[in-house]
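In: below are the sequence and a predicted model for it; my questions follow.
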Amino acid sequence: MSEENKQPESSQQPPADQKKQQPAPASPPPRPPTVQPPQPQAAPRPAPLPPRPAAAPPTPPSKPAPPKSSGRRTFLKILAFASAIISVIPFVPWGTFLSSSVESATATPKLLQALVTDDNPSYGAAAGVQVNVNDLATFPPNNGWIFTYPSSGNPTLDYENPNTFQKFELIRLPESLGGANPTAAAFVAYSKVCVHLWCSPNYIPSAGQYQCPCHGSIYQLPVTDPDTQQLVDAGKAIEGPASLQPFPTNAIPMMTIQADSAGNLYVYAPNFDPRTQTSASQKPAGVAGGSIEGDGVIGYGRDYASYQNFILPCASYPALVADENEAPP
């Protein structure tokens, strides 16, 4: 080899694999994936309304309702008329009921009628007999028995008589009110027709009250006046709708009763004064014309003060049996 072709050693390039490897510049780290924020979802659109139906053709006129029966119309008219009368008239004289008949026997009022109980089998020995004030075994204190005025003269027919306006309950007072005494004053006789709406009250011995089962009206037995110690105000309504009615329509009608010398009880004709001991042409002062200031005229209410002013004084007079067959005018 010629010398000109020789290269100095320093000028010779090292082999490629011997070159010092330079570190490659670091590549930037990969970017995290871009997270898109959640897009608000649009509210669902309401379903489209169904098309409005076409207007229905007019309904043909219905057939007129058949007319109500004349019986029902008549009943409604009577009911409305009775309600109107009750609301505006404080006293209705039911004297026509005193002339009604009981089946085959004629119920004729008498000035003095023997007080005979209805022949109710549940009364036992007290059924269909004349009440005697001395018979405490058959007619014990704090008890009641129904009788009919005017009577047909037959206790069985009287018991079957459905006319409540002719019915009265004879109540023997409790012993604390003198019920054990052998006098007519030991008894009171209350109408079986409530002055509110004509239901039928009953004597309740356990309560010592005359109670109406329909609307709760309660009528008291006589009470003792603290000043005079006299029995007063028998039959006065103390509870229920009857007690809210104006005076004198807040008391149950009563009958005047008397006893003869043997102790037998009698009913004296309403509003005739047995104290006069005369005929039926005599009436008590202040009760002329059938006023409710007297005793037990069948009607809508009574002056409860008439118990102490009229009925109780009459009970102290003996019954005049001579008047038994006399009819009031």
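Out: Noted; the coordinates are in hand. Numbers count the residues shown, from 1 in each chain.
In: helices and strands of this protein: which one has the lowest mean pLDDT?
Out: Every helix and strand of the chain was ranked by mean pLDDT, DSSP states H and E. The lowest is strand 101-102, at a mean of 43.
In: can you list the buried residues in stretch 236-256?
Out: Neighbour counts over stretch 236-256 (16 or more other Cβ atoms under 10 Å) mark 236-237, 240-243, 245, 248-256 as buried. For the C-beta atoms, the positions are set from N, CA and C on the backbone; glycine is no exception.
In: hang on, I meant stretch 117-124
Out: By neighbour count with 16+ other Cβ under 10 Å, stretch 117-124 contains the buried residues 117-120, 123.
In: re earlier: max pairwise distance over the buried residues of stretch 236-256: which two?
Out: Farthest-apart pair in those is Pro241 and Thr256; separation 27.1 Å (Cβ to Cβ).
In: can you map out the strands along the stretch 51-200 of the chain?
Out: All strands of the stretch 51-200 of the chain, identified by DSSP state E, counting those that start in this stretch, fall at 101-102, 105-106, 112-114, 143-148, 167-172, 187-191.
In: what sits up against the last one?
Out: Just to be clear, that refers to strand 187-191. Surrounding strand 187-191, the residues in contact under the criterion Cβ atoms under 8 Å, 6 or more residues apart in numbering are 115, 131, 133, 147, 165, 167-173, 201, 203, 210, 219, 221-222, 234-235, 252-255, 257, 265, 267, 296, 298, 307, 311, 315.
In: check the gap between the closest residue to Cys199 other than its chain neighbours and Val193 for me.
Out: Among residues not flanking Cys199 along the chain, Cys214 sits closest, at 3.6 Å (Cβ to Cβ, 6 or more residues apart in numbering). With the distance defined as Cβ to Cβ, to the nearest Å, Cys214 ends up 11 Å from Val193.
In: name the residue in those two with the higher neighbour count.
Out: Remark: of Cys214 and Val193, Val193 carries more neighbours, 25 against 15, as counted by other Cβ atoms under 10 Å.
In: gap between the more buried one and Ser217?
Out: Noted for Val193: a distance of 11 Å to Ser217, by Cβ to Cβ.
In: next one: the closest residue to Pro109 other than its chain neighbours from Phe310, what distance?
Out: Excluding the flanking residues, the one nearest Pro109 by Cβ to Cβ, 6+ apart is Pro150, at 4.3 Å. As defined by Cβ to Cβ, Pro150 lies at a distance of 20 Å from Phe310.
In: with neighbour numbers in mind, choose between those two.
Out: Regarding Pro150 and Phe310, a neighbour count based on other Cβ under 10 Å identifies Phe310 as having more, with 24 against 21.
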